[in-house]
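Asks: What follows is a predicted protein model with its sequence.
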Amino acid sequence: MSVIVSGLSKQFGEQWAVNEVSFEANSGQVLGFLGPNGAGKTTTMKMITSYIPPTKGVVSVCGHDTIASPLEVNERIGYLPEHNPLYKDMYVREYLGFVGGIHKIANKKKRIDELIEMTGLEVEQHKLIGALSKGYRQRVGLAQAMIHDPEVLILDEPTSGLDPNQLVGIRSLIKQLGKEKTVIFSTHIMQEVQAVCDRVLIINQGRIVADDPIDVLRQKAVGNNILMVEFKQQVDSAKLSNIEGISEVSKKDKEWQLIAPKGKDVREAVFAFAVANQLTILEMRRELSSVEDVFHQLTKS
């Protein structure tokens, strides 16, 4: 296991910001780490990276304890914190060279060239960091996190400030990195979770409330079954409403949205309806709940 968290807790005064959190993260996957503001996400990430000590519990990174061996842990972790701390009076290449020197990178120029291309910084590489937009500063932060080719990447809101075009490239990069490294990835953008993550861990009020593969998590929402159907011919909504098990019918563009109670599978009844009325079904699919639906249900007060 690349990261093993066991009974991790952190107390600030009378408040337990993180309370008995345990999970494992393996290489070859992107773990989405979600939670509302104040849930304990950033505090947990800081303890994993040995920035702050836990009140109790143990974190092991690639076999090294974060308290007993913080330097060994830092060698194996790349960390992009939520508030990206950069030296704004340094140039992009100068800053990456500085970070590479700290990590004692053998061939700094080659590695910096690779990262500038990987993170899309070619146009901005000779600028002062202070002159960059927020999106490009995030790219510089991501490049510094990866410069020593760590086994584990901890990314706290890495796509903050990126425009839609930049998002596509950075999401693709994170997904690619997740095939060979352990990536723990925090975000508030739920569509991003579905696009990037293999597994999702949700924390609420300092405790884990869900830890599942993305497809399993989407099946956990409490609510109705939604079936989307497109017919070749015109169909009367009143007739669709009479199909056994259908509680609500609505039209969205060319598709009909048929709603049934949770646990009720009406696909066979819809097929039988189509045959009886000599209708051609062009498409039929069940709509899974979104990660956002599950998130709201698990974290609401």
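Replies: Cool, the structure landed. None of these values were measured; they are calculated from a predicted model.
Asks: okay, now the domains of the chain?
Replies: The record's domain split for the chain, according to automatic domain parsing, is 3-218, 225-296.
Asks: looking only at pLDDT, what's the mean for the first one?
Replies: Over the span of domain 3-218, the pLDDT mean works out to 92.
Asks: possible to save the domains of the chain as a markdown table with mean neighbour count?
Replies: For every residue, glycine as well, the C-beta is placed using N, CA and C. Shown next, in a markdown table, are the domains of the chain (neighbours: other CB atoms under 10 Å):
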| stretch | mean neighbour count |
| --- | --- |
| domain 3-218 | 18 |
| domain 225-296 | 15 |
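Asks: Angles on the backbone of E82, please.
Replies: Dihedral pair for E82: phi -60, psi -50, per degrees, to the nearest 10.
Asks: what residues are up against it?
Replies: Taking CB atoms under 8 Å, 6 or more residues apart in numbering, we find E82 in contact with T42, D156, E157, S160, S186.
Asks: Give me the nearest residue to the second one, chain neighbours excluded.
Replies: I take that to be D156. Among residues not flanking D156 along the chain, E82 sits closest, at 4.2 Å (CB to CB, 6 or more residues apart in numbering).
Asks: and if you look at the first one?
Replies: Take T42 and drop its neighbours on the chain: the residue closest to it by CB to CB, 6+ apart is E82, 5.6 Å away.
Asks: what's in contact with the helix or strand where L201 lies?
Replies: According to DSSP states H and E, L201 maps onto strand 199-204. Contacts of strand 199-204 with the rest of the structure, by CB under 8 Å, 6+ apart, involve 18, 21, 23, 29-36, 39-41, 44, 193, 208-214, 217, 291, 294-295, 298-299.
Asks: Which ones among those lie within helices?
Replies: K41, T44, V193, I214, L217, V291, V294, F295, L298, T299 (DSSP state H).
Asks: Could you tell me the phi and psi values at S186?
Replies: Dihedral angles (degrees, to the nearest 10) for S186: phi -110, psi 140.
Asks: Check which helix or strand R286 maps to.
Replies: In this assignment (DSSP H and E), R286 forms part of strand 281-287.
Asks: That strand - contacts with which helices or strands?
Replies: strand 225-231, helix 267-276 (3 or more CB pairs under 8 Å, 6 or more residues apart in numbering; DSSP states H and E).
Asks: Need the CA coordinates for the longest one. CSV is fine.
Replies: Output of helix 267-276 as CSV, limited to C-alpha atoms (Å, rounded to 0.1, in the frame of the first residue of the first chain):
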residue,chain,number,x,y,z
ARG,A,267,-37.7,-1.7,-18.6
GLU,A,268,-39.6,-4.9,-19.4
ALA,A,269,-42.9,-3.0,-19.1
VAL,A,270,-41.7,-0.3,-21.4
PHE,A,271,-40.6,-2.9,-24.0
ALA,A,272,-44.0,-4.5,-23.8
PHE,A,273,-45.7,-1.1,-24.2
ALA,A,274,-43.6,-0.4,-27.3
VAL,A,275,-44.4,-3.8,-28.9
ALA,A,276,-48.1,-3.5,-28.1
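Asks: Just want the angle from that helix to strand 225-231.
Replies: 20 degrees (axes from the mean of the first three to the mean of the last three CA atoms, to 10 degrees).
Asks: got the angle for helix 267-276 vs strand 281-287?
Replies: Inter-element angle recorded for helix 267-276 and strand 281-287: 160 degrees (by the same axes, to 10 degrees).
Asks: quick one: helix 267-276 to chain centroid distance?
Replies: 39 Å (CA atoms, centre = their mean, to the nearest Å).
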